[in-house]
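A.B. asks: Here is a sequence with its predicted model. Questions after.
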Amino acid sequence: MPSSHIVQVLLLVATSVCLLALWKGSSTERFGAAIILINLAFELFGVDLIPTEFRPTLRLVMDGLTAMSLLGIALWYASLWLGGAMMLFAVQFSLHSYYIVTNRPTDYLHAVVNNLDYMGIIICLAVGAGVSWRRRVLRRRALAAPPAAEPTPPSPLA
């Protein structure tokens, strides 16, 4: 478990938004939330199962797979929020690539950029789930509303 309170809050918010998207989102948000939750679960639990020297490479691979999965869903459903989340995962992939290629140890800059980027991904998912939820509520209201009465034409005698 991460020791930083900021990261713990970010993980709590990310998990909550993913569960909200699974509950109230359309199929697009559900697929996206499932992919993000798998990535999050791997980051929390799976990373500790592998040797330390392979962790940066495996994080890079997981971010690449997540971005490619979101790309497939974005192409299938043509969702704007999903395209934004996919692009932010690409930024995260680039960040990890830069640190691996330059052989830099993770520092404060890496933590800040990584956390802000991940928060952007979660905001994209939250916006997508909110829009989908709102559309569904408006559709239900429109179906439940009684049909509007046709106005009576004015009397020719008036």
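C.D. replies: Received, thanks. Residues are numbered from 1 along each chain as shown.

A.B. asks: Work out for me the element the residue nearest the centre of the chain sits within.
C.D. replies: With distances taken as C-alpha atoms, centre = their mean, Leu125 lies nearest the centre of the chain, 3.5 Å away. Following DSSP states H and E, one finds Leu125 within helix 108-144.

A.B. asks: Show me what the helix or strand of the chain with the lowest mean pLDDT is packed up against.
C.D. replies: Every helix and strand of the chain was ranked by mean pLDDT, DSSP states H and E. The lowest is helix 55-77, at a mean of 84. For helix 55-77, the helices and strands in contact under the criterion 3 or more C-beta pairs under 8 Å, 6 or more residues apart in numbering; DSSP states H and E are helix 27-41, helix 80-101. Quick note: C-beta positions are derived from backbone N, CA and C, even for glycine.

A.B. asks: any idea how far it is from the chain center?
C.D. replies: 12 Å (C-alpha atoms, centre = their mean, to the nearest Å).

A.B. asks: and that helix, which residues are buried?
C.D. replies: Using 16 or more other C-beta atoms under 10 Å as the test for burial, helix 55-77 gives 56, 58-60, 62-67, 69-71, 73-74.

A.B. asks: Kindly indicate which of these lies nearest Ala41.
C.D. replies: Met62 (10.5 Å; C-beta to C-beta).

A.B. asks: so who does the closest residue in space to Thr57 that isn't next to it in sequence touch?
C.D. replies: Closest residue to Thr57 in three dimensions, ignoring its sequence neighbours and counting by C-beta to C-beta, 6 or more residues apart in numbering: Ile100, at 6.8 Å. Residues near Ile100 by C-beta atoms under 8 Å, 6 or more residues apart in numbering: 56-57, 60.

A.B. asks: Just the buried residues of the helix or strand where Val9 lies, please?
C.D. replies: Using DSSP H and E, Val9 maps to helix 5-24. By 16+ other C-beta under 10 Å, the buried positions in helix 5-24 come out as 10-11, 14-15, 17-18, 20-22, 24.

A.B. asks: How about stretch 30-49?
C.D. replies: Those would be 30-33, 35-40, 42-43, for stretch 30-49 by 16+ other C-beta under 10 Å.

A.B. asks: now those in JSON lines, with pLDDT and distance to Ile50?
C.D. replies: Output for those, formatted as JSON lines (pLDDT from 0 to 100; distance: C-beta to C-beta, whole Å):
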{"residue": "Arg30", "pLDDT": "89", "distance to Ile50": "29"}
{"residue": "Phe31", "pLDDT": "89", "distance to Ile50": "27"}
{"residue": "Gly32", "pLDDT": "87", "distance to Ile50": "26"}
{"residue": "Ala33", "pLDDT": "90", "distance to Ile50": "25"}
{"residue": "Ile35", "pLDDT": "90", "distance to Ile50": "20"}
{"residue": "Ile36", "pLDDT": "88", "distance to Ile50": "21"}
{"residue": "Leu37", "pLDDT": "91", "distance to Ile50": "20"}
{"residue": "Ile38", "pLDDT": "91", "distance to Ile50": "16"}
{"residue": "Asn39", "pLDDT": "87", "distance to Ile50": "15"}
{"residue": "Leu40", "pLDDT": "88", "distance to Ile50": "17"}
{"residue": "Phe42", "pLDDT": "87", "distance to Ile50": "10"}
{"residue": "Glu43", "pLDDT": "82", "distance to Ile50": "12"}
